[in-house]
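> sequence plus predicted model, see below.
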Amino acid sequence: MMNKAYQWVLYFILGLSALFAAFLVMSDNLAPFTTQAQLHIPTSRIAAEVSAPVVKLVVKNGQSVKKGDLLVRLDATRYQLALAQAKAALVIAEQHYQANKQHLNGATATLRQRIQETANEQHKVKRNEQLMRRKLISQEMLEDSRTSLAVHQQAVTSARASVAQIKAELIQSSENGALATAHANVELAQLNLKKTTIVAPVDGVISNLSLTPGTYVNAGNPVLFLVDRNHAWINADFNEKGITKLAKDTKVRVIFDALPGEIYQGKIQGKELAIFDASSDNNGLARVVNDDRWIRDQQKVRTQVTLPTLNDSLFSGSKVSVMVISDSSVWDTLSNVWMHLLANLRYLV
């Protein structure tokens, strides 16, 4: 009788194993299932953009913050002085620009005067030439007037050169030259001063905070990490033969190893269209792998799954099991039973 009982138990176990194996094989085509899944939570590395000591630490580790909240305040003394210096240089540049404009106005007026004087001298020379032909003036007086005209013409040339030089200096000190540089230096100093206050770029939770007031931080070095739990996703690797069931917005059931007994619902956000190909080297030559096995390993499809909400106890890297919700009521019931069984098994394994 005992042998008969053992025989029935063995049949039951073998039958159950066969049914389970058949269920897993068929599920790839009807309701794909995978335990090769992992939670990813985006983490922002908040780095100082300027170098300075920390004067105030506003947040603490594990604290939730909103976008724009103050996190850390750095010593702004150096940057306040740099801003004051840049503003002073801007004032000097503006004064230099205005002075060049005044010089240009004066040089332009002088040039007009020299041109007028030269025109008068030209008339004088013409008049003296007429008088000379009538023998009313001496040759010496004519030569003197011609010499005077040459002097005035040289004065015009010199005045034109002076105007050209001042115009060049004006361009160098204008909005396209030194004045523009001075404005840019003021804006840069204001930006550096603003960067002494570090704010949250997104909503999130403070993590890995080891900063203390008085610590000197260098530009580019991370001062803390901000975990953005609102944009978490799951990377799930399904067998490729179930790819037709992995369409966008398809609903799935999700089990976290860290939360046994609980089942969550999510949806497929998308899947990767390419994977790493180890059979091709960087030089483009194919690398053939000889395989003597009759049944080869199945390729995996990397799929992204999103959840409407995320439990606060979960962390990036949490292990996950995912199963697609089938359109068939029979398979939906079977997969629901399987996921509940698996969720409760997480209490043990």
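Cool, the structure landed.
> tell me how the chain divides into domains.
22-41+232-284+299-341, 44-75+197-226, 78-191 (automatic domain parsing).
> can you pull the contacts of the residue nearest to Q139 when sequence neighbours are not counted?
Nearest residue to Q139 in three dimensions, chain neighbours excluded: M132, at 6.8 Å (C-beta to C-beta, 6 or more residues apart in numbering). For every residue, glycine as well, the C-beta is placed using N, CA and C. Neighbouring residues of M132 by C-beta atoms under 8 Å, 6 or more residues apart in numbering: 139, 141-142.
> which SS class is M132?
helix (DSSP: H, G, I helix; E, B strand; the rest coil).
> any idea how far E143 is from it?
The gap separating M132 from E143 is 10 Å, by C-beta to C-beta, to the nearest Å.
> and Y6, what pLDDT?
Per-residue pLDDT puts Y6 at 68.
> same deal with G317?
pLDDT, G317: 89.
> my read: it touches Q38, true?
Yes. In terms of C-beta atoms under 8 Å, G317 counts as a neighbour of Q38; the distance is 6.2 Å.
> between these two, who's got more neighbours?
Neighbour tally, G317 and Q38, criterion other C-beta atoms under 10 Å: the higher count belongs to Q38, 13 against 9.
> now that one, nearest residue through space, not along the chain?
N235 is the one closest to Q38 (C-beta to C-beta, 6+ apart), at 5.5 Å.
> regarding that neighbour, what is its secondary structure?
On the three-state scheme (three-state DSSP), N235 is labelled strand.
> quick check: it touching A37?
Yes. Between N235 and A37 a contact is recorded at 6.4 Å, counting by C-beta under 8 Å.
> more neighbours: those two, which one.
A37 (21 against 16).
> specify the beta-bridge partners of the more buried one.
Taking DSSP bridges as the rule, A37 bridges to A236, V320.
> am I right that it is in contact with S318?
No. Shown here, A37 and S318 do not form a contact pair, counting by C-beta under 8 Å, at 9.5 Å.
> quick revisit: including distance to Q7, could the domains of the chain go into TSV?
TSV is the format used below for the domains of the chain (distance: least, C-beta to C-beta, whole Å):
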stretch	distance to Q7
domain 22-41+232-284+299-341	22
domain 44-75+197-226	58
domain 78-191	82
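> can you give me the helices in the chain?
Along the chain, counting by DSSP state H, helices occupy 2-30, 77-133, 139-172, 178-194, 329-345.
> identify the residues contacting the residue of the chain most remote from its centre.
In the chain, counting by C-alpha atoms, centre = their mean, K135 sits farthest out from the average C-alpha position, at 89.6 Å. K135 makes no contacts at all, as judged by C-beta under 8 Å, 6+ apart.
> with that, I have no additional questions.
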